[in-house]
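Trainee: got a predicted structure plus its sequence, pasted below:
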Amino acid sequence: MNSNEKELLEAYLSPFKNEKEKILAEIKEHIKYYFDETPECLYDIIQYINIKNSYFSQLVIMTQPRVYFKDMDISILAGKFIYDAYVSAQDILKDFKEQTDKLYANLFEIVKKKLEEETE
């Protein structure tokens, strides 16, 4: 991949990376304010995470990479770039999903521990 292709790819992926960080920050903020270590709250938070996950997935899937030259769409000529763009966007999506899964797992462990303490 030459430097122009890398620059195009980065320009395509940059909004996804920014949006991923923004959504993760929103989720963490939501957890900070609403998590009270109860199973009901955990359910509400996982619903919130799923909504955000769905939104981000749709954003990545529905945003097609385009290559323009003098206001003409020449994407049809840039097959390798389009493939690389989709693969890279899917990697960002996968990373987002892994991070949200870790957040949920951590919250689940907190609730589980609290319930165990209450039953002792």
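Mentor: The structure has been received and is ready for your questions.
Trainee: tell me where the protein is predicted with low confidence.
Mentor: Within the chain, the stretches with pLDDT under 70 are 1, 66-78.
Trainee: quick one, helices of it?
Mentor: Taking DSSP state H as the criterion, the chain carries its helices at 3-34, 39-62, 79-119.
Trainee: in CSV, list those helices along with mean neighbour count.
Mentor: No exception for glycine: its C-beta is placed from N, CA and C like everyone else's. Shown next, in CSV, are the helices of the chain (neighbours: other C-beta atoms under 10 Å):
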stretch, mean neighbour count
helix 3-34, 14
helix 39-62, 14
helix 79-119, 14
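Trainee: residue contacts, residue 18?
Mentor: For residue 18, the contact set (C-beta atoms under 8 Å, 6 or more residues apart in numbering) is empty.
Trainee: how about the most centrally placed residue in the chain: what's its closest non-neighbour residue?
Mentor: Centroid-nearest residue in the chain, with C-alpha atoms, centre = their mean: residue 96, separated by 3.4 Å. In space, and not counting its chain neighbours, residue 96 is closest to residue 20: 4.9 Å by C-beta to C-beta, 6 or more residues apart in numbering.
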